[in-house]
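1. turn this into a model:
(one chain, ligands or ions: 1)
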Amino acid sequence: MAELETGAVPIREEFLVKQDGNKKRKRKERGQNKRREKIHVKENNALCPAISIGNECPYKENCKFPHDVEAYLATKAPDIGDKCPIFERYGVCPAGFKCRWLAGHVVINADGKYELIKKPDGQFTLFTVNTVGKEVQRKLRTKQLDLSKAESIISAVLGEEKPDPSSKVSNIPEENRDATSAISEGKETESVSLEETGVLKNQTVSVNVDLKEISSQARSNIALPTLRPQEKNLIDWRDRKILAPLTTVGNPPFRRLCGSLGADTFYSEMAMCYPLMQGHQPEWALVRGLNYEREMMRGGRRGILGVQLATGKLWQATKTAQVIAEQCDGVDFLDLNCGCPIDLVFRQGAGSSLLENPGRLLRNLQGMDAVSGQIPVTVKLRMGNKDDHPVVKNLIGRIFNETNTSAATLHGRSRQQRYSKNANWDYIGEIASKVKSMNERIDELPEDSLRTQPLSLIGNGDCYSWQDWYDGVNKGVDTVMIARGALVKPWIFEEIEARQFIDKSSTQRLEMLEQYCNNGLEYWGSDSQGVNTTRRFFLEFMSFFHRYTPIALYEVQRPRLNDRPPLYTARDEMETLLASNKVTDWVKLSEFFLGPTPERFTFTPKHKSNSVEEAEG
Ligand SMILES: Cc1cc2nc3c(=O)[nH]c(=O)nc-3n(C[C@H](O)[C@H](O)[C@H](O)COP(=O)(O)O)c2cc1C
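-> Okay, the predicted model is just below:
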């Protein structure tokens with residue numbers, strides 16, 4: 001066996017590439033590439049949207065777009081191929097004349113004009129869910145949307161009502177009391193701008209928030225003008241195959257790919273509440289999902305889709321939850337991100353910063369839950385911010401006692417640690433047994449407690465194989481969430497189902513990439529702009545996918561994903577190409593499915609070369 005550097009994966013000798021021993025090691029690149037150039041593809045001579053799909057234009061001569069199909073086609077970029085993947089599947093292509101595979105669905109009619117064709121039973125059955133329309137976004141921008149429900153909840157949760165002195169913290173079962181009392185020792189003073197909440201205008205007051213009061217109010221006498229929590233949809237989280245929320249890479253086409261490979265629980269990419277409340281269109285785009293994510297999945301369960309939100313502020317959390325509950329048509333749960341370590345998010349008091357401020361974290365959950373109707377609320381946590389100061393043992397008791405949160409996900413790392421060490425599954429196991437004993441005593445909660453359902457615990461961190469998944473479940477969690485493991489090996493969900501490693505051939509992996517591209521073209525469009533967007537996200541995906549090392553090449557039974565293989569030649573040329581860490585090779589792969597890259601095309605992955613270790617979230 002060749003000598004290995006620390007952190008290197010043992011690869012069988014016959015596959016290793018001999019290297020010059022004097023070669024200097026490249027400096028490790030960490031974190032995100034912040035200065036990236038994005039090329040936007042815009043057609044100069046963009047055809048009218050109605051005409052481009054063969055319809056009449058309602059604006060006629062007042063339309064600002066050209067209507068001359070022949071003139072448009074004369075200058076249009078050449079076709080990428082003559083078989084449109086979308087037309088082949090659905091018998092119709094929604095990109096019409098703009099499609100870059102137009103030859104697949106156009107004919108020249110008797111008048112010598114181009115005419116789009118559609119198969120008799122052709123129907124495009126991909127639907128986007130959770131599209132919040134322009135009118136709602138405008139009302140948000142101009143503060144015209146009625147958010148009075150959220151506003152009354154905000155005042156209630158902030159404690160404007162007088163607490164009922166008969167309602168005591170001692171109602172909480174002994175088992176869970178340490179948590180509540182440890183944190184609520186004394187008073188936590190917070191400066192809360194009520195203007196921010198939309199409750200009061202032009203007045204900033206300092207509110208002394210007594211956590212004991214909040215806690216008792218939350219569980220007893222807040223007259224929440226809302227559905228009783230009993231009316232919440234109950235989710236059975238046990239053994240769900242969860243694909244983690246993944247900014248940028250966890251887009252709907254990728255989620256759909258994982259769904260076809262066995263995942264049944266999905267999250268939108270994290271959306272920040274502030275821009276959502278500003279009616280910022282790109283942020284609302286993050287909330288969207290696909291009908292395919294909520295259908296019956298191959299494991300026999302209906303897929304569920306959650307929307308993940310990040311904010312540190314009660315008014316943002318509550319108002320956004322109200323808008324989503326009222327305007328979105330495909331949300332199975334609402335998740336509050338309390339694990340994001342990114343500075344930008346942390347500095348706003350959101351993400352893992354909330355771990356330092358449990359009162360605020362709990363109020364956000366209470367507020368969201370109170371306005372979200374039947375949609376249950378979940379929370380994503382990490383162990384803490386500092387390595388030596390895990391906080392979840394205390395926090396989880398309060399989440400149980402003071403909210404009706406359906407599930408908490410725990411990533412077994414601290415913010416300080418990022419991805420440097422292995423996730424701490426012993427800690428996750430300890431929290432799991434605490435949650436279990438709290439659930440066993442759920443009947444001891446006061447009758448008017450907000451909690452009406454057991455709390456589920458989802459473990460997260462370093463699940464790269466079916467064995468890791470079952471080890472996690474054996475620690476006592478309800479299920480295990482998978483992030484990087486799915487980016488590198490999207491069929492990990494299949495492996496879990498089959499309880500064995502599945503060694504996909506290069507042909508099978510190439511088919512997966514093709515499926516990703518087709519999903520992308522269906523979602524973003526098969527016109528020039530859609531092709532460009534699909535390529536960009538394909539390349540982001542490749543920055544993870546190339547890290548898969550076929551199991552047959554390993555010398556060990558159970559490789560760790562954080563360990564890097566030395567340079568190797570795989571079993572065939574395509575497998576070697578798929579393992580290349582060069583962007584030029586990823587571009588070459590994209591060209592198989594998306595045609596040649598446009599001139600001046602550049603791409604820098606969002607996450608630097610050791611992306612698997614360093615991506616943030
Ligand atoms: C590229 C990338 C993007 C992420 N984006 C998010 C996110 O938007 N929200 C979130 O809660 N976590 C995010 N995470 C964190 C993951 O959901 C997960 O908690 C973490 O990667 C640990 O799981 P793993 O060891 O299975 O990768 C992201 C992780 C990666 C690698």
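
2. now do the SS call for residue 417.
-> Secondary structure state of residue 417, per DSSP: H, G, I helix; E, B strand; the rest coil, is coil.

3. thought it was touching residue 387?
-> Yes: look at residue 417 against residue 387 with CB atoms under 8 Å: they come within range, at 5.5 Å. All C-beta atoms are positioned from the backbone trio N, CA, C, and that covers glycine.

4. between the two, which one's more packed in?
-> Between residue 417 and residue 387, counting by other CB atoms under 10 Å, residue 417 is the more crowded of the two (19 against 15).

5. list the contacts for that one?
-> residue 387 (CB atoms under 8 Å, 6 or more residues apart in numbering).

6. for stretch 512-520, which positions count as buried?
-> 512, 513, 515, 516, 517, 518, 519, 520 (16 or more other CB atoms under 10 Å).

7. okay, the first one: pLDDT?
-> If you check residue 512, the pLDDT there is 98.

8. next, the contact list for it, please.
-> 257, 490, 491, 504.

9. export these to CSV and tack on distance to residue 365?
-> Shown next, in CSV, are the contacts of residue 512 (distance: CB to CB, whole Å):
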residue, distance to residue 365
257, 31
490, 31
491, 34
504, 40
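
10. just the buried ones out of the residues you listed, please.
-> Buried members of those, counted by 16+ other CB under 10 Å: 257, 490, 491, 504.

11. and the ligand, which of these contact it?
-> Among these, no residue lies close to the ligand (CB under 6 Å from any ligand atom).

12. nearest to the ligand, out of the residues you listed: which one, please.
-> Nearest to the ligand among these is residue 490, at 12.9 Å by CB to the nearest ligand atom.

13. surely that closest one and residue 256 touch.
-> No: assessed by CB under 8 Å, residue 490 is found out of contact with residue 256, at 10.5 Å.

14. picking up where we left off before, of the buried residues of stretch 512-520, which ones also sit close to the ligand?
-> Within these, nothing lies near the ligand by CB under 6 Å from any ligand atom.

15. ok, so of those, who is nearest residue 374?
-> residue 519 (29.6 Å; CB to CB).

16. how far away from the center of its chain is the host helix or strand of the closest one?
-> Assigning secondary structure by DSSP states H and E places residue 519 in helix 506-524. Distance of helix 506-524 from its chain centroid, counting by CA atoms, centre = their mean, to the nearest Å, is 19 Å.

17. which helices and strands does the helix or strand following that helix pack with?
-> Going down the chain from helix 506-524, the next helix or strand is helix 528-545, by DSSP H and E. Packing partners of helix 528-545 (3 or more CB pairs under 8 Å, 6 or more residues apart in numbering; DSSP states H and E): helix 252-260, helix 484-488, helix 506-524, helix 583-594, helix 611-614.

18. what's the angle between helix 528-545 and helix 583-594?
-> Interaxial angle of helix 528-545 relative to helix 583-594 (axes from the mean of the first three to the mean of the last three CA atoms, to 10 degrees): 130 degrees.

19. still on that earlier bit, mind putting the helices and strands packed on helix 528-545 in a markdown table, distance to residue 301 included?
-> Putting these into a markdown table (distance: least, CB to CB, whole Å) gives the following:
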| stretch | distance to residue 301 |
| --- | --- |
| helix 252-260 | 11 |
| helix 484-488 | 17 |
| helix 506-524 | 21 |
| helix 583-594 | 31 |
| helix 611-614 | 29 |
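
20. between those, which gets the lowest average pLDDT?
-> helix 611-614 - the lowest mean pLDDT of the helices and strands packed on helix 528-545, at a mean of 42.

21. tell me the domain ranges of this structure?
-> Listed domain ranges for the chain are 31-125+504-546+581-617, 133-138+225-499 (source: automatic domain parsing).

22. once you drop chain neighbours, what's closest to residue 77?
-> residue 528 (5.8 Å; CB to CB, 6 or more residues apart in numbering).

23. for the one you found, what are its contacts?
-> By CB under 8 Å, 6+ apart, the neighbours of residue 528 are 41, 43, 77, 98, 100.

24. and the gap between residue 342 and the ligand?
-> 9 Å (CB to the nearest ligand atom, to the nearest Å).

25. ok, that residue touching residue 348?
-> No: with contacts counted by CB under 8 Å, residue 342 stays clear of residue 348, the gap being 10.1 Å.

26. spell out which parts of the protein neighbour the ligand.
-> So the chain meets the ligand at 244-247, 249, 269-270, 308, 337, 339-340, 380, 411, 460-463, 482-485, 615, 617 (CB under 6 Å from any ligand atom).

27. and those, which of them are in helices?
-> 484, 485 (DSSP state H).

28. mind giving me the ChimeraX command for buried ones among the residues of the chain next to the ligand?
-> Only the buried entries of the residues of the chain next to the ligand go into this ChimeraX selection, using 16+ other CB under 10 Å:
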select :244,245,246,247,249,269,270,308,337,339,340,380,411,460,461,462,463,482,483,484,485,615,617
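
29. nearest to residue 85 among the contacts of residue 528?
-> residue 100 (10.5 Å).

30. what's the burial count for that closest one?
-> Counted with other CB under 10 Å, residue 100 comes out at 22.

31. ok, now the one 4 residues further on?
-> Counted with other CB under 10 Å, residues neighbouring residue 104 total 18.

32. please name the nearest non-neighbouring residue to it.
-> Counting by CB to CB, 6+ apart, the residue nearest residue 104 is residue 84, at 3.5 Å.

33. how about low-confidence regions in the stretch 51-200 of the chain?
-> Residues of the stretch 51-200 of the chain meeting the criterion pLDDT under 70: 159-200.

34. neighbours of residue 433, how many?
-> Using other CB under 10 Å, residue 433 has 12 neighbouring residues.

35. quick revisit: which ones among the contacts of residue 512 map onto helices?
-> Using DSSP H, these in helices are residue 257.

36. which of the contacts of residue 512 sits closest to residue 90?
-> residue 257 (17.8 Å).

37. what sits against the spatially most central residue of the chain?
-> Central residue of the chain (CA atoms, centre = their mean): residue 245, 2.6 Å from the mean position. Going by CB under 8 Å, 6+ apart, residue 245 touches 267, 268, 269, 270, 306, 308, 335, 337, 380, 617.

38. hmm, which two among those are most spread apart?
-> Farthest pair in the contacts of residue 245, by CB to CB: 306 and 617, 14.8 Å.

39. related to what we said a few turns ago, turn the domains of the chain into CSV, columns for distance to residue 572.
-> Below are the domains of the chain laid out as CSV (distance: least, CB to CB, whole Å):
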stretch, distance to residue 572
domain 31-125+504-546+581-617, 6
domain 133-138+225-499, 19
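
40. need the winner for burial among those domains.
-> Across these, averaging neighbours per residue (mean count of other CB atoms under 10 Å) puts domain 133-138+225-499 on top, at a mean of 21.

41. end to end, how far does that one reach?
-> Using CA to CA, to the nearest Å, the end-to-end distance of domain 133-138+225-499 comes to 43 Å.

42. and if you look at stretch 73-88?
-> End-to-end span of stretch 73-88 (CA to CA): 22 Å.

43. contacting residues around that stretch?
-> By CB under 8 Å, 6+ apart, the list of residues contacting stretch 73-88 reads 43-45, 92-95, 97-105, 114, 119, 122, 124, 517-518, 521-522, 526, 528, 531, 594-595, 598.

44. so which of the residues you listed belong to helices?
-> 517, 518, 521, 522, 528, 531, 594.

45. farthest pair within these?
-> 518 and 528 (16.8 Å).

46. using CSV, write out every CA atom in stretch 282-295.
-> What follows is stretch 282-295, C-alpha atoms only, in CSV (Å, rounded to 0.1, in the frame of the first residue of the first chain):
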residue,chain,number,x,y,z
PRO,A,282,-34.9,37.0,-6.2
GLU,A,283,-35.4,36.2,-2.5
TRP,A,284,-39.0,35.0,-3.2
ALA,A,285,-37.6,32.8,-6.0
LEU,A,286,-35.8,30.8,-3.3
VAL,A,287,-39.0,29.8,-1.7
ARG,A,288,-40.3,28.0,-4.8
GLY,A,289,-40.4,24.3,-5.2
LEU,A,290,-41.8,21.7,-7.6
ASN,A,291,-44.9,19.6,-7.6
TYR,A,292,-42.5,16.6,-8.0
GLU,A,293,-41.2,17.2,-4.5
ARG,A,294,-44.6,16.6,-2.9
GLU,A,295,-45.8,13.6,-4.8
